[in-house]
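Trainee: Structure for the following, please:
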Amino acid sequence: MKRFALALGFSLLAANALAQEYKEGLSGPAADPIGHYIEQTKIDCYKPAGETKGRIAETAFQTSVFYGSFLNGTAQHALAFVTYQYDVTGNAVDQMALLFKETDGAWKPVSRALNTIGTDPRELAWGNDTITYTGTIVGPSDSRANPTGSGRFRLRVTEKGMTFVKTGR
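Mentor: Numbering: from 1, shown residues only. Modelled structure (predicted):
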């Protein structure tokens with residue numbers, strides 16, 4: 001029992017150390033509001049005591065921020081992908097997308113999509129109500145630890161929110 005408690009303690013310390021690495025990916029004019037959102041917003045998570053709520057910052061360890069405008073509008077938007085460890089015991093890593101909009105010089109959160117796929121997002125394309133990107137995925141011969149495949153993914157943005165839509169390899 002003592003070894004389990006010690007191992008769990010090390011796991012939680014490692015998760016806490018990783019949780020601060022997300023700040024390195026925050027860039028551009030919306031960096032501070034995105035960071036504040038990550039620090040303050042609580043989401044469902046799993047801790048040794050069971051299912052609970054925790055601040056995104058407690059388990060976030062990577063962010064990527066992209067800027068652009070939808071084709072049918074002129075407002076500047078920021079899209080942040082946040083990789084976090086849903087299960088602090090080390091069993092589940094997930095990614096979410098946060099959308100912010102610049103209005104009168106202030107960046108405000110618009111929506112959030114949980115469970116997005118495609119790590120290392122890149123090649124973003126802003127459509128009328130969609131954002132399409134390429135992300136790294138596990139290929140046919142890959143191990144989960146070293147994915148080399150890629151896929152194309154889409155986020156659909158409506159007045160009701162943002163949803164993740166897989167579009168294919």
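
Trainee: Run through the strands of this protein in chain order.
Mentor: 42-47, 50-55, 60-68, 77-87, 92-103, 106-113, 119-126, 130-137, 149-158, 161-168 (DSSP state E).

Trainee: Name the stretch among these that sits most buried.
Mentor: Stretch with highest mean neighbour count among the strands of the chain: strand 77-87 (a mean of 23; mean count of other CB atoms under 10 Å). (C-beta placed from N, C-alpha, C; glycine too.)

Trainee: now for the strands of the chain, which one comes closest to residue 22?
Mentor: Counting by CB to CB, residue 22 lies closest to strand 60-68 out of these; the figure is 3.9 Å.

Trainee: what's the closest one packed up against?
Mentor: Under the contact definition 3 or more CB pairs under 8 Å, 6 or more residues apart in numbering; DSSP states H and E, strand 60-68 sits against helix 2-19, helix 31-40, strand 77-87, strand 119-126.

Trainee: which residues does the residue nearest the centre of the chain contact?
Mentor: Centroid check for the chain by CA atoms, centre = their mean gives residue 82 as the closest residue, at 2.1 Å. By CB atoms under 8 Å, 6 or more residues apart in numbering, residue 82 lies in contact with 22, 38, 56, 60, 62, 63, 95, 96, 97, 98.

Trainee: List just the nearest of those residues to residue 133.
Mentor: Out of the contacts of residue 82, the member with the shortest distance to residue 133 (by CB to CB) is residue 97, at 9.1 Å.

Trainee: okay if I get the strands of the chain as JSON lines plus distance to residue 32?
Mentor: Output for the strands of the chain, formatted as JSON lines (distance: least, CB to CB, whole Å):
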{"stretch": "strand 42-47", "distance to residue 32": "20"}
{"stretch": "strand 50-55", "distance to residue 32": "17"}
{"stretch": "strand 60-68", "distance to residue 32": "11"}
{"stretch": "strand 77-87", "distance to residue 32": "11"}
{"stretch": "strand 92-103", "distance to residue 32": "11"}
{"stretch": "strand 106-113", "distance to residue 32": "8"}
{"stretch": "strand 119-126", "distance to residue 32": "21"}
{"stretch": "strand 130-137", "distance to residue 32": "22"}
{"stretch": "strand 149-158", "distance to residue 32": "23"}
{"stretch": "strand 161-168", "distance to residue 32": "21"}
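
Trainee: Kindly reformat the ones you listed as JSON lines containing distance to residue 143 and mean pLDDT.
Mentor: Output for the strands of the chain, formatted as JSON lines (distance: least, CB to CB, whole Å; pLDDT from 0 to 100):
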{"stretch": "strand 42-47", "distance to residue 143": "24", "mean pLDDT": "84"}
{"stretch": "strand 50-55", "distance to residue 143": "29", "mean pLDDT": "85"}
{"stretch": "strand 60-68", "distance to residue 143": "19", "mean pLDDT": "95"}
{"stretch": "strand 77-87", "distance to residue 143": "18", "mean pLDDT": "92"}
{"stretch": "strand 92-103", "distance to residue 143": "15", "mean pLDDT": "93"}
{"stretch": "strand 106-113", "distance to residue 143": "27", "mean pLDDT": "97"}
{"stretch": "strand 119-126", "distance to residue 143": "14", "mean pLDDT": "95"}
{"stretch": "strand 130-137", "distance to residue 143": "13", "mean pLDDT": "95"}
{"stretch": "strand 149-158", "distance to residue 143": "12", "mean pLDDT": "94"}
{"stretch": "strand 161-168", "distance to residue 143": "21", "mean pLDDT": "83"}
